[in-house]
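A.B. asks: following is a predicted model, sequence given first.
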Amino acid sequence: MRKLHSKLTSLTLTTGLLLAVQGASAQTTVPRATPAPTTNPATTPATTQPGSNQPARPAASAAVAVPTAAPQVAWFKELRVLSGVAVSDTGDLVFVGADARIHRTDARGVEKWNYATGDIGRAHPIMTPDGKVIAASYDDYLYSLDAAGKLLWRVRLDGDLFASPALRADGSVIATTAGGSVYAVSPAGKILWTLKIAAPIFSSPAIAPDGTIYFGGQDNRMHALTPEGKLKWAFTAGSLVFSSPAVDAQGNVYFGSSDRRIYAVGPDGKVRWSKPTGLFVNASPIITSSGLVVVGSYDGSLYAINTTGETEWTYKAGAPIAAPAVELSDGTVVVGDLSGTLHAVGKAGQAIWTLKTGKKMDTGVAVSDQGMLYFVTEGGGLSALAKQRPLADGAWTMFRGVPSGWGRVLTPAEAQARTLARRAAAAAMLATLPPAPTTPTTPVTPPRPTQPTTPTTPTPPKPPVVVTPPAPVVPVLTPAQLAGAAATGARLEAGLVYLPLTPAAGALGLTVRVQTPRTATLAANAADGGQVVPVRMLNKVAYVSLAALAKLSGTQVTLTQTPAPAVTFTRAGRVTAFPLNLPKVTPLKPVPEYPDVIVRK
């Protein structure tokens, strides 16, 4: 096994940190919230947006220019996290630690299990739809563990695995190595094929809707492979490509390079546009729900570029950015910088809030469907912000595309299931938030000063009051819409009618608290202990039978035909009709008394 010192040195070169001037403190620091820089809109001319070099847009009211206070850190734990953090649909966290172990914790950072590898690692883990964990290490091995942390298989590749692996729709894994090789590994841990490019690979592979595999190399190229591992094309940039690509629904690929440019390349390998920056771009781009390519540079700026290559806005963070950004459902972009500041940026590139930690951040923010936002600081400390917006819908709104780290554009069925799960979880989270304060829409005219009758001691002015604007409302499906979505996905398996778990539970006012490949715990609220129902995985999506839902405590079920056929559930005073025509879903098929052919032995 190589010496740990050489691994850490190689890691530093990989992320490009030797090329940046750092002034971050090395002491343990409690993150502190700082409102974004502000001016008084009533007295200061509007010239530029706070934190941006773009002209300020006319404000509809004085309250619009008032910044939002940064959220408070819910908890901070010294977990010695080295890699990015993968988040499961149920909120569990998986990461690789400085102790050379793969860790799984609950949403509060309480450990469930850990597994020892042969070395440390920084690759972002994968959590598969059936609960498995895929992780990589600098010991040259790719690991697969079951949901309980037991080793299923491990396979040795030809070099350190700096880059994060990608999960294909069929369950196979694409991994790249510092030895310059690309591997396809089956769900059972068998090597399907390999391709050598003769240059180290530190860029994590990304998979397009048609199965094309994209990754950057230290040969200054962005490579495109067929699903079978054959080279389609290689686009040459002006320097090294550390940046991991982002892929949109049309198969266009976006990445940065050490040549100080951001690139957009089409599925045919031809450049669509490129944009210069002030320094090298090692961070990985995201693609927002509105189609903006957002990526940071070591020049201390966060760039947002539209599909035609025009800069929509540039946010000045004031320190190098090596981490990927993430977009929340209200359009806010969150990114950390190497000075240790977490930035929240609005849709127009304006500063919303900043959170100073004093310790650099070079991995992306992780977001759970349950409204938790996690970020890692130098030294491995993990911080959590509670009651945040979930991830925005889109092909690549965060590093690796989804919180569980798959590294590919989802299929339409997967995307629909993710959206339904995210919105159901967001509804439960938003219900716990207090009503947003009312923001005045017109400025208030101050009263005219009056002449005092007697001399008085002047009082010091009060500090300005920060008014938090009302948070945008995340679109949430109604129970009737959830019931309709569940009915649309109904399937007949082994004589039973199955519905997609998440929308079916949401229609009944329940949330999926815990899910395994075979069971799910459904609860009405935080005080509810929950009820366990059996589930069945169909095309990697969890389904629950109508019969299991009908057996829930306090539930009554009736069949109705008017005004339309439906299966109606009554539970806790809530009446929910699933628009199902059971005779049509479960047609009677005649079965012959005797088979057509009798086989004699």
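C.D. replies: Now that the structure is in, tell me what you want to look at.

A.B. asks: tell me the strands beside the helix or strand where Val94 lies, with direction?
C.D. replies: Assigned by DSSP states H and E, Val94 falls within strand 93-96. Note on strand 93-96: by DSSP bridges, its sheet partners are strand 86-87 (antiparallel), strand 101-105 (antiparallel).

A.B. asks: list the buried ones in that strand?
C.D. replies: Neighbour counts over strand 93-96 (16 or more other Cβ atoms under 10 Å) mark 93-96 as buried. C-betas here are computed from N, CA, C, even on glycine.

A.B. asks: now the spatially most central residue of the chain: closest residue in space, sequence neighbours ignored.
C.D. replies: Centroid-nearest residue in the chain: Pro403, 3.6 Å away (criterion: Cα atoms, centre = their mean). Once flanking residues are discounted, Pro403 sits nearest to Val87: 3.9 Å by Cβ to Cβ, 6 or more residues apart in numbering.

A.B. asks: okay, and the beta partners of the one you found?
C.D. replies: Beta-bridge partners of Val87, counted by DSSP bridges, are Leu93.

A.B. asks: next one, pLDDT for it please.
C.D. replies: Looking at Val87, its pLDDT is 97.

A.B. asks: check Leu538 too.
C.D. replies: Leu538 is given a pLDDT of 84.

A.B. asks: my guess is it meets Arg491, correct?
C.D. replies: Yes - between Leu538 and Arg491 there is a contact under Cβ atoms under 8 Å: 6.3 Å.

A.B. asks: what touches both of these two?
C.D. replies: Tyr498 (Cβ atoms under 8 Å, 6 or more residues apart in numbering).

A.B. asks: compare those two (neighbour count), which wins?
C.D. replies: Taking neighbours as other Cβ atoms under 10 Å, Leu538 and Arg491 compare with Arg491 leading, 16 against 13.

A.B. asks: for stretch 183-197, what is the average pLDDT?
C.D. replies: 97.

A.B. asks: okay, now the domains of the protein?
C.D. replies: Domains of the chain are assigned by automatic domain parsing as 4-14+34-40+48-55+66-404, 479-585.

A.B. asks: and the gap between the residue nearest to the centre of the chain and Asp362?
C.D. replies: Distance, Pro403 to Asp362, using Cβ to Cβ, to the nearest Å: 19 Å.

A.B. asks: coming back round to it: what sits up against the strand holding Val94?
C.D. replies: 79, 81-88, 102-107, 109, 117, 120-123, 125, 127, 133, 135, 137, 366, 374, 376.

A.B. asks: let's see that with 7 Å instead.
C.D. replies: When contacts are defined by Cβ atoms under 7 Å, 6 or more residues apart in numbering, strand 93-96 is touched by residues 81-83, 85-87, 102-105, 120-121, 125, 127, 133, 135, 137, 374.

A.B. asks: in which helix or strand does the closest residue to Thr570 other than its chain neighbours reside?
C.D. replies: Closest residue in space to Thr570, ignoring its immediate chain neighbours: Gln556 at 4.5 Å, by Cβ to Cβ, 6+ apart. Using DSSP H and E, Gln556 sits within strand 555-560.

A.B. asks: any idea which helix or strand comes after that strand?
C.D. replies: Next element after strand 555-560 (DSSP H and E): strand 566-571.

A.B. asks: so what strands line up beside that next one?
C.D. replies: Sheet pairing of strand 566-571 (DSSP bridges) gives strand 555-560 (antiparallel), strand 574-578 (antiparallel).

A.B. asks: low-confidence ranges in the stretch 201-350 of the chain?
C.D. replies: The stretch 201-350 of the chain contains no residues with pLDDT under 70.

A.B. asks: Asp158 touches Val182, doesn't it?
C.D. replies: No - with contact taken as Cβ atoms under 7 Å, Asp158 and Val182 are classed as non-touching, separated by 10.4 Å.

A.B. asks: what about these two, which has more around it?
C.D. replies: Val182 (24 against 13).

A.B. asks: for the residue nearest to Leu167 when sequence neighbours are not counted, what are its contacts?
C.D. replies: Once flanking residues are discounted, Leu167 sits nearest to Trp406: 4.4 Å by Cβ to Cβ, 6+ apart. For Trp406, the contact set (Cβ under 7 Å, 6+ apart) comprises 126, 166-167, 400.

A.B. asks: show me the contacts for Thr288.
C.D. replies: Contacts for Thr288 (Cβ under 7 Å, 6+ apart) come out as 294, 327, 392, 394, 397.

A.B. asks: now list the buried members of the residues you listed.
C.D. replies: By neighbour count, with 16+ other Cβ under 10 Å, those hold 294, 327, 392, 394, 397 as buried.

A.B. asks: could these go into a markdown table alongside distance to Met222 and secondary structure?
C.D. replies: Below are these laid out as a markdown table (distance: Cβ to Cβ, whole Å; DSSP: H, G, I helix; E, B strand; the rest coil):
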| residue | distance to Met222 | secondary structure |
| --- | --- | --- |
| Val294 | 19 | strand |
| Glu327 | 23 | strand |
| Ala392 | 25 | coil |
| Gly394 | 21 | coil |
| Thr397 | 21 | coil |
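
A.B. asks: any chance of those residues in JSON lines, with distance to Gly380 too?
C.D. replies: Shown next, in JSON lines, are the buried ones among the contacts of Thr288 (distance: Cβ to Cβ, whole Å):
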{"residue": "Val294", "distance to Gly380": "26"}
{"residue": "Glu327", "distance to Gly380": "26"}
{"residue": "Ala392", "distance to Gly380": "28"}
{"residue": "Gly394", "distance to Gly380": "30"}
{"residue": "Thr397", "distance to Gly380": "26"}
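
A.B. asks: wait, which of those residues is closest to Leu522?
C.D. replies: Ala392 (26.6 Å; Cβ to Cβ).

A.B. asks: quick check: the closest one touching Ser329?
C.D. replies: Yes - when contacts are counted by Cβ under 7 Å, Ala392 is listed as touching Ser329 (5.0 Å).

A.B. asks: so how far is the strand holding Gln556 from its chain's centroid?
C.D. replies: On the basis of Cα atoms, centre = their mean, to the nearest Å, strand 555-560 sits 38 Å off its chain's mean C-alpha point.

A.B. asks: ok, now stretch 308-318?
C.D. replies: 22 Å.

A.B. asks: end to end on it, go ahead and measure it.
C.D. replies: End-to-end distance for stretch 308-318: 27 Å, by Cα to Cα, to the nearest Å.

A.B. asks: tell me which stretches of the stretch 1-150 of the chain form helices.
C.D. replies: Using DSSP state H, counting those that start in this stretch, the helices of the stretch 1-150 of the chain run over 4-15.

A.B. asks: low-confidence bits of it, can you list those?
C.D. replies: In the stretch 1-150 of the chain, residues with pLDDT under 70: 1-67.

A.B. asks: picking up where we left off before, what's the closest of the strands paired with strand 93-96 to Arg418?
C.D. replies: Closest among the strands paired with strand 93-96, using Cβ to Cβ: strand 86-87, at 12.4 Å.

A.B. asks: can you give the contact residues for that closest one?
C.D. replies: By Cβ under 7 Å, 6+ apart, strand 86-87 touches 93-94, 124-127, 366, 368, 403-405.
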